[in-house]
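**Student:** 3D, please:
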Amino acid sequence: MKGTEHFKNVIQNYLDERAQYDELFAENYRKKDKDMDSCIQYILNTVKQSGCNGFADDEIYSMAVHFFDEDNIDIGSPINAHVVVNQVVELTAEEKAQAHREAMQRAQEEAYRKMTQPTKKKAKTTVDATLQPSLFDL
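**Tutor:** Numbers count the residues shown, from 1 in each chain. I've put the predicted structure just below:
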């Protein structure tokens, strides 16, 4: 069972940081019979059992903490999964300029396509006056 390495690193960084300021958790985090691969396997199985497709970061972190806090915990069977971690991506000035050029090019192409398309005339619909009586006919 391997979650993506990035996912594993994000969880491990959180747990390392938490162990620095939470002495009770630090003791549980150093247990010899617990490791990060088993923790990731436990998280993936818990997520799978829930049937949900998305979780807040804090929910996943609490699953990891729970794994290390509990002595007798069933980690489940190995799962082959690709985990996506949401992160803010910082672009360089050059990447931003390139993205701006590409967006402008797409906008120009779209505007040109709209201008060169032939306009479609709407078919006139005629309403048959005999189908619906007026108030004055009664």
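
**Student:** from the chain's centre, how far out does whatever helix or strand residue 44 lives in sit?
**Tutor:** Using DSSP states H and E, residue 44 maps to helix 36-50. A distance of 17 Å separates the centroid of the chain from that of helix 36-50, by Cα atoms, centre = their mean, to the nearest Å.

**Student:** which helices and strands does that helix pack with?
**Tutor:** Using 3 or more Cβ pairs under 8 Å, 6 or more residues apart in numbering; DSSP states H and E, the elements in contact with helix 36-50 are helix 5-21, helix 57-69. Backbone N, C-alpha and C define where each C-beta goes, glycine included.

**Student:** So which of those helices is nearest residue 113?
**Tutor:** helix 5-21 (39.3 Å; Cβ to Cβ).

**Student:** Average pLDDT for the closest one, rounded please.
**Tutor:** Per-residue pLDDT values over helix 5-21 give a mean of 88.

**Student:** on that earlier part again, could you give the angle of the helix holding residue 44 to helix 57-69?
**Tutor:** Per axes from the mean of the first three to the mean of the last three Cα atoms, to 10 degrees, the angle that helix 36-50 makes with helix 57-69 is 120 degrees.

**Student:** Would you mark the buried spots in helix 36-50?
**Tutor:** 36, 38, 39, 40, 41, 42, 43, 44, 45, 46, 47 (16 or more other Cβ atoms under 10 Å).
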